[in-house]
Structure formats: C-alpha cells, structure tokens
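Enquirer: Any chance you can model this:
(one chain, ligands or ions: 1)
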Amino acid sequence: MSKKATLEGNVYYPSQDVIDQANVKDYDSLYKHSIENREQFWTEEAEKLEWFQKWDTVLDDSEKPFYKWFTGGKTNIILNAIDRHLTTWRKNKLALIWEGEPGDAITYSYFALNREVSKFANILNSMGVKKGDVVTIYMPQIPELMFAMLACAKIGAVHSVVYGGFSYEALSERIADSKSRTLVTADGGWRRGSINDLKTIADEAMKRSPTIEHCIVVKRTKQDVYMESGRDFWYHDLAALPMASWKYETQKLDAEHPLFILYTSGTTGKPKGQVHTHGGYSVYTSVTHKYVFDIKDEDRWWCAADPGWITGHSYIIYGPLINGATVMMYEGAPNYPYPHRWWQMIEKYGITILYTSPTAIRGLMRFGDDWPKRYDLSSLRLLGSVGEPINPEAWRWYYEVIGKGKCPIMDTWWQTETGGFMITPIPIMPLKPGSATKPFFGTEVAVVDGDGNEVGVGEQGKLVIKNPWPGMARTLQGDPDRYVKTYWSEFAKQGWYAAGDSARKDKDGYFWIIGRLDDVIKVSGYRLGTAEIESALVSHPDVSEAAAIGLPHELKGHAIHTFVILRQGVSDSKEIRDALRDHVAKEVGPIARPEKVTIVDSLPKTRSGKIMRRVLKAQSLGEDVGDLSTLEQ
Ligand code: WT7
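Expert: Residues are numbered from 1 along each chain as shown. The predicted model follows:
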C-alpha cells in the first residue's frame, strides 16, 4: 500500500498517516467480535462511561420491539457530557467555540459550560419544570440553545427542539403533541444578514397552544419583541435572580428515562415524535463519534448542522461532549457575507474535522475553487457527509479542493430513529464515492425483497436492520402502535427494522443508498412529508386537491413539485401559483416552499382513491409510467 492517500479509479485508499493515528485499525475483526458477542461488545463500550449505578441487563428484549438497554442502570447523559470532565484537565479545555453571523464570537470551557447549564437548570426549575416534563426549544444556533438542551437533561426534563426554520403551525403542532408547558425561544436569530423573527412566530404558535404556561426569551438580536406579562420572561432577567445559581445537582435517572423527543415528518401528516433515552443514547452517540471520526483531544470538531435536527443533537451536542471534544458552532448562512465564510472559520479556528451535508457542499462548490483556495485548510484531517447520497462530483470536489486529497470522507447513513451512524466507513477503510460503505459495529444490515429474502449483488431492495442497537428510538411519543406499524410490521416475522430506504449492496459488501421508499422527500437533506405539503395546500381556500412529489434538483438533491386542482371559479395564473408556494412556506416553513406548482384538472388515483405519486413522478421525468392496472379510469 502506498504511504500517501490515493484515488485509484473509483476507490480511495487512506494514507499511512491516517492509518497510524486511527482509533480502530482493523474493521473486520472488531466487526466480527461485535456481531458474535453483541451484548459483550456493548458492555465493553458502556463500561468506558461513568454510571451512577451499573446496569443489571444489557439488552432487555422481553417486550419486542420495545427494546430496553442497560436496565437497572442509573445515569444522566450530563454525568458523561459534562460532570466527569470537571475532575480532569479537560475542565479547562474548550467545550464550545461559537461564532455568530454578524462576526461576534465567544468560547466556553467545560468549566464554563457546567456553570451555564447549571444556571439554566435552576431557571427552568424556578419556572416549575420538573423531571419528566417536556420543554419545547425554538431557538437560533446560539450557545443558549446548547445550554437549554443540556439543562433539561440535567433536570431529567425532556427536550423537544423544533428547528428554528419551522413555521408557527409546525411549532404549535409539536407543542400540542408533546403537551409541553414551557417554551424556550429568542428575540430572533441572524440569517443572511436579516433577522429570523422567532418570537413573533412563537407568539402565533402560543396562541394555538393552550398547554404553554411560560416562555423564556433569550436576547440575541436586541430587536423589540412583544412580551406577554406573566407568561414571557427575559432569560437575562431570570439569570440575574439569586435563585439562578451556578450549582445544580445532576439528577440520577434510570438508563431508560427519556432524554428528548424529536419530530420527523410523517406520511400521514402528523409528525412522529421519536423518543430517545439517556443510557443507550449516551453510549451509542459517543462510540460512533469516537470510532468513525477518530476523535482525539487535539481535535476541533465542526458538525455544521443545526442542533434542531438529529445530526445536531447527536453530533454537535451529545456525542462530542461525552468524548470531551472541542465543538465549533456557527449561527448563520455558509455564504454570508461572502462564500468564504466557512473556509475562513476553518482557518481561523483550526478546525480538524468538518461534517456536513451534500447540499451544503454542492452549494459552496458552485461559487468556485477560488474561495476555499484563499484560506489555509491544512488543519483538516477528516471530512464527513450526511443526509442524502453524495453525488460523485460533489464528493471529488470536497475531497480534492477542501481535503487537499488527504482527508478521508466519512459518508454516514443514519436516521432520526437510529440516534447515530448505522452504515458508515471508519477512517482506515477504502472508500467509494457515493457509498456509505459498511455497517457500524454491532449492526447487521441487509438489502431484501418484500418477503425478506436477500436480493442479488447490485440489485435494488429494501434496507433492513436485523438487530436492536443502544441508540435506537424507543417509541413514538404517545403512539406506540404507530411505532410498531411504521418500523417493525413489514418484517415482523424476522423481527427486523424497516428503514424505509432502498439500497444496493455491491460485490465488496459496500452499501449504496438510493433513497426513500415512502412519502418522505429529502430537500437539501431535510426530511419533509408529502402529506404535510399537501395538507398545507388544501388549507388554502382556492385549492380543492393537491399532490406533492420530489424530483431531482442539482443543488438540493430533491425539490418539491406540486400538482393542484383549483376550486371551481378559480383559474390558473402566475399569481395564484406564487401565492400557493408562499402559502406552503408560511404553513410548513421556508424549506418546504415548492419549486413548482402545476395546475391540473385531475390527479392519477387508485380505485381506492389514493393519489399515485409514482405516476406523477414518472410523467414528470418522461419515464414509462409502469403498471397502471390499479389506476382509476
Ligand atoms: C434519511 C433519514 C441522520 C441524519 C440526517 C438525516 C437519508 C441520511 C444518508 C447518507 C444516503 C442518507 C436516508 C434516511 N440519509 N444519511 N449518508 N446517504 N442517504 O436524518 O432526517 O431522519 O433522514 O436520510 O434516506 O432514511 P433524517
């Protein structure tokens, strides 16, 4: 093997340097051990963390598919993410480097992080938040977002973070579903030079959310906002009170105590509240982060996702902090004020690992090579990708122009449901651009047909996970039946988890993810349900019926295309089409704004009245529409 990294044909081999410093040097033998002795493997990993009390049972499968991990154990994710670092030299290590879009910046050591999180926990406590209560967090990417999440965990409250780009409809729906009594928000956040008016949106949501009693507002932009007396409190006012002390005892919790709810878009419209727990999630996020990104104390880790999504939960907040890493967080847009912003920050802060999405890479690639070339990116040693398949062109640009041909790209396949990486390389592995490579330790994955038979090499099939893992979502908030139905019913006989993705496996055992099999559209790596978009459209007074599909898009991966039947008396015009696009953006959020609205007289449906989205898709792409025998004539 050559000492230098090489790209031979379509296979990339890591350099000797990468291999020499890798945390895991032999994938095959550790994988074999982890599969043959799964519970032992997870025991060994869990023992590397601290526990208030050790578990009795590693895996409790007495109520399949409601698996439980480390039962009998007592922990709190904060014990490992903060507390244990305070007794070591890491107390003075940077936990967070944060930069705001306007250019303001601040850093926090683990010592300071503990102070801020404890203070926030006291404030939440004084607002009546107790163990088990759900706190909704609707924030810009500022340090207080991290503090609020960690403070909830410390108390044993359950956070439900709603992405700051979501609309008041989406926010109030999530508040109602989780029956949350407390909302944490801000007076706004900076995005592309203007203010994202979070408090105004939160006010609209709270009008529709009778469960909310208190709203804590962090001052970020200093713009004037409406404050309702008795309900809304400025965070800085509360923080000035004597009760907001810097000490708060981390609550001892059962390993299976819920840590957070995070909503994913559902096929039937109602979002699904994925529930994750303290014990298993602590183990899973930290182990995946340590082995896949080869994390070292010297690293400066930047996961450029929003904490409002699972990527941010697992790999900005929990996994990296448990590993005692230094985490970078940036508030704003990658190309503001110029397309050099990310590259400038990599040089400025000496970032060693960058983890982002194919959409972000494609978006920055389009500005050309001169922007990154102005900066010294030599601190980078590893790169990562997540959210959708990465196209080879973007992979090569990322590899050559950003990684200078020396940084392996970890293409990690996983889901909100899985809590952490499931199919992913580790740095020593040969890579093939566009493939997420092989299963992570402890996990068996297969590509099967509808009956569960493995399909042939290179053939397309359904992706299944054959075993439970510690990071898995435990249930759907308030709807355990739907959890069973969505993930565990298709292959109930075998007891497998159906991921909802289609994939191929090649002759070397590498997995190639193709895309979603259900009604989920991935736009710029974000997950949107066709049903959410359709119900937003039909809520418009001029619309009688609507269908949404995803079609390939150069930058976004997929874009939303909608087909609308107007009510009688309303006729097609550019104005109405634009109004409908705006309407969806307002109802669901700007990321859901349809690329195109096409006005039609009818929609293809089955005899039972289900819209055949695959027919619309095939027609739009000029492809053969296939078997239409079930189509209503
Ligand atoms: C869906 C899950 C998990 C973090 C972000 C997305 C797609 C995710 C990859 C990848 C190909 C990917 C799948 C999956 N996906 N990562 N590396 N290659 N596809 O989480 O919003 O829960 O979406 O994202 O389709 O099912 P999510």
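
Enquirer: distance between the ends of stretch 135-149?
Expert: Start and end residues of stretch 135-149 are separated by 9 Å (CA to CA, to the nearest Å).

Enquirer: just stretch 48-63 next, same as before
Expert: End-to-end distance of stretch 48-63 (CA to CA): 28 Å.

Enquirer: Show me what from the stretch 201-350 of the chain comes close to the ligand.
Expert: Thr264, Ile310, Thr311 (CB under 6 Å from any ligand atom). (Glycine included, C-beta is placed from N, CA and C.)

Enquirer: does His236 sit in a helix, a strand or a coil?
Expert: Put simply, His236 is helix when judged by DSSP: H, G, I helix; E, B strand; the rest coil.

Enquirer: That one: what's it in contact with?
Expert: His236 sits next to Val218, Lys219 when contact means CB atoms under 8 Å, 6 or more residues apart in numbering.

Enquirer: Roughly how far does the residue lying closest to Lys296 once chain neighbours are set aside sit from Pro427?
Expert: Distances taken as CB to CB, 6 or more residues apart in numbering put Gln21 closest to Lys296, at 7.4 Å, once the chain neighbours are dropped. Gln21 sits 8 Å away from Pro427 when distances are taken as CB to CB, to the nearest Å.

Enquirer: residues near Arg607, how many?
Expert: Residues lying near Arg607 (other CB atoms under 10 Å) number 10.

Enquirer: Over to Trp234?
Expert: Trp234 sits with 15 neighbouring residues when counted by other CB under 10 Å.

Enquirer: Beyond the helix or strand hosting Trp342, next helix or strand please.
Expert: Here Trp342, judged by DSSP states H and E, is contained in helix 341-349. Remark: after helix 341-349, the chain's next helix or strand is strand 353-356, criterion DSSP H and E.

Enquirer: and the following helix or strand past that following strand, does that touch the ligand?
Expert: Following strand 353-356 in sequence order, the next helix or strand is helix 358-365 (DSSP H and E). No. Counting by CB under 6 Å from any ligand atom, the ligand has no neighbours in helix 358-365; the shortest distance is 8.1 Å.

Enquirer: tilt between helix 358-365 and helix 341-349?
Expert: For helix 358-365 against helix 341-349, the angle by axes from the mean of the first three to the mean of the last three CA atoms, to 10 degrees is 90 degrees.

Enquirer: now helix 358-365: how far from the chain's centre is it?
Expert: Relative to its chain's centre, helix 358-365 lies at 17 Å (CA atoms, centre = their mean, to the nearest Å).

Enquirer: what does stretch 168-178 give?
Expert: Put simply, stretch 168-178 sits 18 Å off its chain's centre (CA atoms, centre = their mean).

Enquirer: Also stretch 560-576?
Expert: Chain-centre distance of stretch 560-576: 34 Å, with CA atoms, centre = their mean.

Enquirer: go on, stretch 304-318?
Expert: With CA atoms, centre = their mean, you get 6 Å for stretch 304-318.

Enquirer: Dump that stretch to CSV, restricted to CA.
Expert: Extracted in CSV, the C-alpha atoms of stretch 304-318 (Å, rounded to 0.1, in the frame of the first residue of the first chain):
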residue,chain,number,x,y,z
ALA,A,304,-22.2,22.2,10.5
ALA,A,305,-25.7,21.1,11.0
ASP,A,306,-28.4,22.8,13.0
PRO,A,307,-28.9,21.5,16.6
GLY,A,308,-32.6,21.4,15.7
TRP,A,309,-32.1,18.2,13.7
ILE,A,310,-30.9,14.8,14.9
THR,A,311,-27.5,15.4,13.4
GLY,A,312,-27.0,18.4,15.8
HIS,A,313,-28.4,16.5,18.8
SER,A,314,-26.1,13.6,18.4
TYR,A,315,-23.0,15.1,16.9
ILE,A,316,-22.9,18.8,17.9
ILE,A,317,-24.1,18.2,21.4
TYR,A,318,-24.1,14.8,23.0
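
Enquirer: Quick one: which of the residues of the stretch 201-350 of the chain next to the ligand is the most crowded by neighbours?
Expert: Ile310 (25 neighbours).

Enquirer: between Gln21 and Pro427, which one's more packed in?
Expert: Shown here are Gln21 and Pro427; by other CB under 10 Å, Pro427 has more neighbours (24 against 13).

Enquirer: need the strands for the stretch 351-500 of the chain, in chain order.
Expert: Along the stretch 351-500 of the chain, the segments classed as strands by DSSP state E, counting those that start in this stretch run 353-356, 382-386, 409-412, 445-448, 461-465, 475-476, 497-505.

Enquirer: Show the average pLDDT along the third one.
Expert: Strand 409-412 carries an average pLDDT of 98.

Enquirer: ditto for the fifth one
Expert: Average pLDDT, strand 461-465: 97.

Enquirer: That strand vs the ligand: in contact?
Expert: No. Applying CB under 6 Å from any ligand atom, one finds strand 461-465 separated from the ligand by no less than 8.1 Å.

Enquirer: Off-centre distance for that strand?
Expert: Counting by CA atoms, centre = their mean, strand 461-465 comes out at 20 Å from the chain centroid.

Enquirer: which helices and strands does it pack with?
Expert: Packed against strand 461-465, as judged by 3 or more CB pairs under 8 Å, 6 or more residues apart in numbering; DSSP states H and E, are the following elements: strand 445-448, strand 497-505.

Enquirer: Quick check, the residue in the stretch 51-200 of the chain closest to the ligand?
Expert: Relative to the ligand, the nearest point of the stretch 51-200 of the chain is Tyr163 (10.5 Å; CB to the nearest ligand atom).

Enquirer: Do you know the pLDDT at that residue?
Expert: Predicted confidence (pLDDT) for Tyr163: 93.

Enquirer: Close to the ligand: what parts of this protein are there?
Expert: Within the chain, the positions adjacent to the ligand are 264, 310-311, 386-389, 411-416, 436, 499-501, 513, 515-516, 522, 527 by CB under 6 Å from any ligand atom.

Enquirer: tally of neighbours for Trp395?
Expert: For Trp395, the neighbour count with other CB under 10 Å is 23.

Enquirer: what does the one 3 residues further on give?
Expert: Look at Tyr398: counted by other CB under 10 Å, it has 25 neighbours.
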